[in-house]
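[1] what's the 3D shape of this:
(one chain, ligands or ions: 1)
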Amino acid sequence: MLKIFKNLTMKEALLAGLSLVFIVIQVWLDLKLPDYMSEITMLVQTEGSQMSDIYAAGGMMLLCAFGSLISAVAVAVLASKIAANFGAIVRFKLFDKVLSFSMEEISGFSTSSLITRSTNDINQVQLLIVMGLQAIIKAPIIAVWAMVKISGKSWQWSFATGVAVVFLMLTVGIAIFLAMPKFKSLQGLTDRLNGVTRENLTGLRVVRAYNAENFQEERFNTVNTELTNTHLFTSRVMSFMQPSIQLVMSGLTLAIYWIGAILINNAGFDMKLTLFSDMIVFSSYAMQIVMAFMMLIIIFILVPRASVSVQRIQEVLETKPTIIDGEVTEAPNAQKGTVEFKQVSFKYPDAEDYVIEDISFTANQGETVAFIGSTGSGKSTLINLIPRLYEATSGEVLVDGINVKDYTQAALHNRIGYVTQKARLFDGTIKSNIAYGDNGKDGFLESDIVEAVYTAQANEFVEKLEGGYDAKVTPGGTNLSGGQKQRVSIARAIARQPEIFIFDDSFSALDYQTDRQLRESLRKDCADATKLIVAQRIGTIKDADRIIVLDKGRMVGNGTHDELMKTSAEYQEIAYSQLSKEELANE
Ligand SMILES: Nc1ncnc2c1ncn2[C@@H]1O[C@H](COP(=O)(O)OP(=O)(O)OP(=O)(O)O)[C@@H](O)[C@H]1O
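    All right, here's what the predicted structure looks like:
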């Protein structure tokens, strides 16, 4: 729990020190009040006392109360500042950590859980800081100070206060015992609720098209009801606390006055006034002690939830990324643009079976190597090993003759122009989406962007958009068609001027003609770059220098189109199933 507070900087530590000073001032002023009360009581009962003395003591009480108010405000402001800064620091660290994760860690946590951990969980800890800084420090100071002040007075009063405190602690103990397990499940349920909401929103079109609103509602309702019931349970348990505390406070006041009445009744005349004054003072201090315990109760309510959140945040911060940076940034020129797989096998984390097995091939500079096979045969998995989105389970993946594990990730990614299966665009403009990220050079020239757009055959629509290259792209590229998004993401890869292109079924949303034109312009404009193309259409890969046929993760064919048409039954099967489509497209 405390580990997370190591994220606080020196500045926050100083602010916390300053708030400690204000807390001590506030407690001192609060505990000064009963002294003045006692003084006024004495003055009222003493014959010949002056009204001005009572005013003076009353004025001091007002000053103390005002000073206490100012200190309380200062502590609240400082605590909020510390909490806000803490939130910002931890949120950034989480974001940074998640960026270093491979797909393995991301799917291990799940996207929705990572979002909850970066938002809701941090809020819980922030809340603890805001409330806790005041209560955790203030409560023990008040309790101890007030106890010192009342020590030496009647033991009967002290006993009554002790009983009240034990009763309070028992109540709190039972409440925490009942609520703690539920507090733990609250964050997990929030994850699930976020997960269902996210899935529903991202798949809204399908939900609508399939009249699946009721189904989605039911799924949402199940999690929502569970979350609501858990909240209700914890609130019900906690709702007993306030009246219990009130009961203890009233009971204690009653007990003090009752005991006081008996003590005063039994005392000699000269002691009656002192006892009366003691009783007034004692009851104020006793209330301070009960208040201190009440503050601790707030902490007891906040700590369990926050500690669950801290655990969840720490889990992310302490996860060691499976993909560790190597040191190589430069590779020998002789093997520039080569990609080599040496007996590579891979299975997904926690999966039993290999998804690709014993794959070996080499793609040389400028060559086009294509991958084809039935769906689920492992094509995407195979090419994902090149930019190290996953790590090969066995065997070696070499880029420019060097194992991908030995490169710094930045150096490796600067060699690669990777176009994902599902085009991903970001909130911004066409230009910002193309000149995206760090290309390891001196940024992007305007001409690089324009050339990339032309090579990707995207000029045809980009130049017609309102604003052209500066046209707005909504988050996820939702204001562009599938084919337009694909071409912008291809232009993004081209603008990097990489040694190696990886196209993961990136031409699937293009019509046959655009597909052909794009391949031709790539061949012309990016002649030196090696192109690895995953495709479903024979037409897209027919002219490749080499085609690798995958079946259930194994390489069952390796050669040119003409060679494979003679030697590979699997390739022939795919080719014949598409031939008529190809012919239609060529017409
Ligand atoms: N993140 C993952 N975790 C576990 N298994 C996965 C994961 N991604 C893919 N798989 C499994 O790995 C196998 C190969 O998937 P892959 O996406 O590489 O196939 P593909 O040949 O590219 O298919 P397609 O042509 O349909 O895109 C599939 O059986 C799939 O179920």
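
[2] tell me which parts of the stretch 201-350 of the chain are close to the ligand?
    Residues of the stretch 201-350 of the chain lying near the ligand by C-beta under 6 Å from any ligand atom: Y348. Where you see a C-beta, it was placed from the backbone N, CA and C, and this is true even at glycine.

[3] the chain too?
    107, 348, 351, 355, 373, 375-381, 505.

[4] try 5 Å
    Residues of the chain lying near the ligand by C-beta under 5 Å from any ligand atom: Y348, V355, T375, G376, S377, G378, K379, S380, T381.

[5] in helices, which of these appear?
    Per DSSP state H, helices hold the following members of the residues of the chain next to the ligand: K379, S380, T381.

[6] still on that earlier bit, dump the residues of the chain next to the ligand into CSV; add pLDDT and neighbour count as well.
    Compiled in CSV, the residues of the chain next to the ligand are given as follows (pLDDT from 0 to 100; neighbours: other C-beta atoms under 10 Å):
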residue, pLDDT, neighbour count
Y348, 90, 15
V355, 93, 19
T375, 86, 7
G376, 88, 12
S377, 89, 21
G378, 91, 23
K379, 92, 25
S380, 92, 17
T381, 93, 19
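
[7] now for the residues you listed: which two are most distant?
    The most widely separated members of the residues of the chain next to the ligand, counting by C-beta to C-beta, are Y348 and T375 (16.4 Å).

[8] which neighbouring elements make contact with the one helix or strand K566 maps to?
    Using DSSP states H and E, K566 sits within helix 561-567. Packing partners of helix 561-567 (3 or more C-beta pairs under 8 Å, 6 or more residues apart in numbering; DSSP states H and E): strand 546-551, strand 554-559, helix 569-586.

[9] which one of the ones you listed lies nearest to N459?
    Comparing the helices and strands packed on helix 561-567 by C-beta to C-beta, helix 569-586 comes nearest, at 22.4 Å.

[10] quick check: mean pLDDT of that closest one?
    Across helix 569-586, the average pLDDT comes to 70.

[11] per-residue pLDDT of the spatially most central residue of the chain, please?
    Centrality entry for the chain: nearest residue to the mean C-alpha point is S118, 2.4 Å, by C-alpha atoms, centre = their mean. Note for S118: predicted pLDDT of 91.

[12] that one: what's its closest spatial neighbour, skipping adjacent residues?
    L94 (4.9 Å; C-beta to C-beta, 6 or more residues apart in numbering).

[13] do you know how far the one you found is from the ligand?
    According to C-beta to the nearest ligand atom, to the nearest Å, L94 and the ligand sit 22 Å apart.

[14] got the contact list for that residue?
    L94 is in contact with L114, R117, S118, I122, I313, V316, L317, counting by C-beta atoms under 8 Å, 6 or more residues apart in numbering.

[15] tell me which helix or strand it sits in.
    Using DSSP H and E, the element containing L94 is helix 51-100.

[16] may I have the next helix or strand after that helix exported as PDB, CA atoms only?
    Counting by DSSP H and E, the next helix or strand C-terminal to helix 51-100 is helix 103-109. Extracted as PDB, the C-alpha positions of helix 103-109 are listed here (Å, rounded to 0.1, in the frame of the first residue of the first chain):
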ATOM      1  CA  MET A 103       0.300  -7.800 -26.800                       C
ATOM      2  CA  GLU A 104       0.800 -10.600 -24.200                       C
ATOM      3  CA  GLU A 105       0.600  -8.300 -21.200                       C
ATOM      4  CA  ILE A 106      -2.200  -6.200 -22.800                       C
ATOM      5  CA  SER A 107      -4.400  -9.200 -23.300                       C
ATOM      6  CA  GLY A 108      -3.400 -10.500 -19.800                       C
ATOM      7  CA  PHE A 109      -4.900  -7.500 -18.100                       C
END
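
[17] what's the spacing between helix 103-109 and its chain's center?
    13 Å (C-alpha atoms, centre = their mean, to the nearest Å).

[18] against which helices or strands is the next helix or strand after that helix packed?
    Note on helix 103-109: by DSSP H and E, the next helix or strand toward the C-terminus is helix 111-118. With contacts taken as 3+ C-beta pairs under 8 Å, 6+ apart, helix 111-118 sits against helix 51-100, helix 155-202, helix 269-318.

[19] for the second one, packing partners?
    In this case it means helix 155-202. Using 3+ C-beta pairs under 8 Å, 6+ apart: helix 155-202 touches helix 111-118, helix 120-150, helix 213-239, helix 241-266, helix 269-318.

[20] which residues touch Q134?
    So Q134 contacts S19, I23, A72, V75, A76, A79, M295 (C-beta under 8 Å, 6+ apart).

[21] can you do 10 Å?
    Counting by C-beta atoms under 10 Å, 6 or more residues apart in numbering, Q134 makes contact with S19, F22, I23, Q26, A72, V75, A76, L78, A79, M295, I298, I299.

[22] any idea how far I256 is from it?
    27 Å (C-beta to C-beta, to the nearest Å).

[23] now do T41
    14 Å.

[24] wait, what's in contact with D515?
    Applying C-beta under 10 Å, 6+ apart, we find D515 in contact with Q457, G483, F507, S508, A509, A535, R537, G539, T540, A585.

[25] and if we set it to 8 Å?
    F507, R537, G539, T540.

[26] so how far is the strand or helix carrying it from its chain's centroid?
    Using DSSP H and E, D515 sits in helix 512-525. Distance of helix 512-525 from its chain centroid, counting by C-alpha atoms, centre = their mean, is 41 Å.

[27] can you give me the distance of the closest residue to the ligand within the stretch 51-200 of the chain to P304?
    In the stretch 51-200 of the chain, the residue that lies nearest the ligand is S107 (5.7 Å; C-beta to the nearest ligand atom). Distance of S107 to P304, computed by C-beta to C-beta: 29 Å.

[28] compare the two and say which is more crowded by neighbours.
    P304 (19 against 13; other C-beta atoms under 10 Å).

[29] now do the contacts for the closest residue in space to that one that isn't next to it in sequence.
    Counting by C-beta to C-beta, 6+ apart, P304 lies nearest to F183, which is 4.4 Å off, once chain neighbours are set aside. Applying C-beta under 8 Å, 6+ apart, we find F183 in contact with T234, P304, R305, V308.

[30] make it 10 Å
    Here F183 is in contact with 124, 176, 230, 234, 301-309 (C-beta under 10 Å, 6+ apart).

[31] measure it to I301 for me?
    For F183, the distance to I301 - C-beta to C-beta - is 9 Å.

[32] which neighbours do those two have in common?
    I176, T234.

[33] the spatially closest residue to S481 that is not a sequence neighbour: neighbour count?
    Closest residue to S481 apart from its sequence neighbours, by C-beta to C-beta, 6+ apart: A509 at 7.7 Å. Neighbour count for A509, taken as other C-beta under 10 Å: 17.

[34] cool, L480 as well?
    Around L480 sit 23 other residues, with neighbours defined as other C-beta under 10 Å.

[35] that one sits in which helix or strand?
    For L480, there is no enclosing helix or strand under DSSP H and E.

[36] measure it to the ligand for me?
    22 Å.

[37] one more: Q314?
    For Q314 relative to the ligand (C-beta to the nearest ligand atom), the value is 25 Å.

[38] near S283, how many other residues are there?
    Using other C-beta under 10 Å, the number of residues around S283 comes to 22.

[39] who touches it in this structure?
    So, once contact is read as C-beta under 10 Å, 6+ apart, S283 ends up touching P34, M37, I150, W157, T161, L252, T253, L254, A255, I256, Y257, G260.

[40] can I assume the fourth one is in contact with I150?
    The one in question is W157. Yes. With contact defined as C-beta atoms under 10 Å, W157 and I150 form a contacting pair (7.2 Å).

[41] sorry, back to before: any chance of the contacts of Q134 in CSV, plus neighbour count?
    Shown next, in CSV, are the contacts of Q134 (neighbours: other C-beta atoms under 10 Å):
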residue, neighbour count
S19, 24
F22, 21
I23, 24
Q26, 25
A72, 18
V75, 23
A76, 16
L78, 24
A79, 23
M295, 20
I298, 17
I299, 17
